[in-house]
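Asker: structure, please.
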Amino acid sequence: MIRPLCRPPRPEPMAAKNFRMNRIGELFELKTFPEKKGGKKPCPRSGHRCVADKKGLYVFGGYNPNLDTLKRHYDDCDFEALDIIIPLFNELWEFNFASCCWRKMKTSGPMPTEVASMAMLLVGSTIVVYGGTGFPFGFTSSNKIYTLNLRSLKWKKHVTEEEYSPIRTYGSAICVNKENLYVYGGTTGWSYTSNVDCYNMDSLSWSSVYDSSIDWPPGYIQPHDYVQSPKPRYRHEMVSDREHLYILGGGRATVAFELETIYILNLQSKSWERRQSIKDKKHGYPGRRRCFGCCQLSDNVYISGGLNELMMFDDIWRLSLTDLQWTKFNAKLLFPTYFHAAAVTPSGCMFIHGGVKTLTGDKRSLKLSKIWLVVPNLLELCWEKILYYIPSICRIPESQLMQLGLPQHIISRLKFI
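Answerer: Next up, the predicted model:
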């Protein structure tokens with residue numbers, strides 16, 4: 001008789017199995033960071049944007065017209081001494097994941113002044129900002145691109161001498177595909193657009209990808225199989241799978257568009273397609289909305305919150321770009337909100353910050369929450385446990401951390417940029 005080299009594994013006890021499943025389930029619960037008394041933090045705001053890397057969250061811009069809130073936040077100091085343009089915030093904040101502390105970043109160079117409802121994303125270690133509006137909304141809209149290198153903390157304004165450039169808008173959406181930055185939609189404050197424009201980051205030049213005015217020429221009847229571009233809109237979102245652009249939601253001042261049908265632009269043929277998405281078997285489709293949070297992680301898109309003319313939302317949904325399947329998360333936001341900012345880390349943790357808390361638009365939030373969208377890898381799980389059990393790790397000398405065996409790329413996460 002041949003004996004086995006090792007014993008077969010014992011069946012996992014039910015209690016241990018339930019504990020393990022509960023611990024995994026906790027990852028997908030929304031967790032809100034407590035407000036530290038006396039610590040510096042961004043003022044409650046809306047219309048801002050944020051991006052994230054593996055060590056921190058970067059929050060830029062925003063709007064708050066409530067002077068009482070501003071006075072309380074800034075301790076009734078002289079507003080003329082502040083580095084903000086009331087009621088806009090032309091400032092950049094960093095939230096360090098390890099220390100759970102905020103820091104207002106000191107940058108140089110020409111910073112954007114149109115800092116409400118601009119579009120923003122992170123490319124490598126560079127923040128890209130497009131469009132936006134000053135105050136009053138629409139009077140100082142932008143079609144400029146600004147970049148900020150997170151290593152040098154220096155802003156750069158991209159100036160082109162091309163005859164063609166997009167119209168000045170805010171509430172547009174952008175995404176990067178290879179060397180191209182695509183811009184879709186937005187509003188001037190009086191009219192809305194459905195144009196698609198492209199900025200080539202190698203040649204530093206603009207080109208028109210799709211002019212939506214061709215969809216509505218006077219007296220012309222389109223062929224029956226012709227797919228018009230999406231209705232002009234703002235505060236929508238746009239994602240890409242390298243070959244297509246996907247337009248999600250959005251709306252106008254008094255209307256929001258549905259998410260059941262997805263408009264897709266083929267970048268090669270420059271033609272539009274309308275595709276029906278697949279509803280969640282239990283919860284159906286997400287409600288019509290604009291001004292929601294949106295993050296892309298690989299081939300999945302995650303939306304949160306938003307509003308339409310009837311209600312605000314506190315839900316979180318995932319859309320698979322491979323089959324356009326919607327899936328609703330069990331977790332919810334801390335409260336219904338819109339005009340908030342959302343970003344996802346490379347490892348798959350989504351952060352949600354700020355936003356408007358009432359349909360009347362008179363209350364804004366400074367809350368910061370996070371939720372894991374996927375099961376993190378072992379490195380991230382271990383790092384979270386270290387931060388949990390050693391909350392003062394940021395005050396430990398680097399030499400001691402290295403003696404404990406922490407690698408340099410992990411230790412670097414403890415520092416602000």
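Asker: number of nearby residues for the residue lying closest to Cys100 once chain neighbours are set aside?
Answerer: Counting by Cβ to Cβ, 6 or more residues apart in numbering, Cys100 lies nearest to Phe33, which is 6.0 Å off, once chain neighbours are set aside. To be clear about C-beta, it is placed using only N, CA and C from the backbone, and glycine gets the same treatment. Phe33 is flanked by 16 other residues according to other Cβ atoms under 10 Å.
Asker: do Lys71 as well
Answerer: Neighbour tally, Lys71, other Cβ under 10 Å: 12.
Asker: same deal with Ser320?
Answerer: By other Cβ under 10 Å, the residues close to Ser320 number 15.
Asker: before we move on, what about Lys385?
Answerer: Neighbour number of Lys385 under other Cβ under 10 Å is 10.
Asker: swap in Cys100?
Answerer: By other Cβ under 10 Å, 15 other residues sit near Cys100.
Asker: what about it, distance to Ser392?
Answerer: Per Cβ to Cβ, to the nearest Å, Cys100 is found 11 Å from Ser392.
Asker: ditto for Ser213
Answerer: The gap separating Ser213 from Ser392 is 60 Å, by Cβ to Cβ.
Asker: now do the contacts for the residue nearest to Cys100.
Answerer: Residues in contact with Phe33, defined by Cβ atoms under 8 Å, 6 or more residues apart in numbering, are 100, 367-370.
Asker: separation between it and Phe95?
Answerer: In terms of Cβ to Cβ, Phe33 sits 8 Å off from Phe95.
Asker: quick check on the residue nearest to Leu121 when sequence neighbours are not counted: phi, psi?
Answerer: Spatial nearest neighbour of Leu121, chain neighbours left out: Val128 (5.4 Å); criterion: Cβ to Cβ, 6+ apart. Main-chain torsions, Val128, degrees, to the nearest 10: phi -120, psi 130.
Asker: please name every helix or strand in contact with the helix or strand hosting Ile264.
Answerer: Under the criterion of DSSP states H and E, Ile264 resides in strand 261-266. Identification of packing neighbours for strand 261-266 by 3 or more Cβ pairs under 8 Å, 6 or more residues apart in numbering; DSSP states H and E yields strand 244-248, strand 271-276.
Asker: neighbouring strands for that strand, and are they parallel or not?
Answerer: If you go by DSSP bridges, strand 261-266 pairs up with strand 244-248 (antiparallel), strand 271-276 (antiparallel).
Asker: between those, which one is closest to Ile174.
Answerer: Nearest to Ile174 among the strands paired with strand 261-266 is strand 244-248 (10.4 Å), distances taken as Cβ to Cβ.
Asker: what average pLDDT does that closest one get?
Answerer: Strand 244-248 carries an average pLDDT of 98.
Asker: tell me which residues are up against it.
Answerer: 173, 175, 177, 182, 184-185, 196, 230, 236-240, 259, 262-267, 294, 301, 303, 319, 321.
Asker: so Ser213 sits in a helix?
Answerer: Yes - looking at Ser213 with DSSP: H, G, I helix; E, B strand; the rest coil, it is inside a helix.
Asker: for burial, what's the neighbour tally of it?
Answerer: Ser213, neighbours per other Cβ under 10 Å, totals 11.
Asker: how about Leu153?
Answerer: Quick note: Leu153 (other Cβ under 10 Å) scores 14 neighbours.
Asker: can you check the one 4 residues further on too?
Answerer: Residues lying near Lys157 (other Cβ under 10 Å) number 13.
Asker: I'd like the distance between it and Tyr170.
Answerer: Taking Cβ to Cβ, one finds Lys157 at 17 Å from Tyr170.
Asker: quick revisit: tell me the bridge partners for the residue nearest to Leu121.
Answerer: Leu121, Thr147.
Asker: ok, it touching Pro112?
Answerer: No - when contacts are counted by Cβ atoms under 8 Å, Val128 is not listed as touching Pro112 (10.9 Å).
Asker: anything in contact with each of the two?
Answerer: Residues within reach of Val128 and of Pro112 at once, by Cβ under 8 Å, 6+ apart, are Tyr146.
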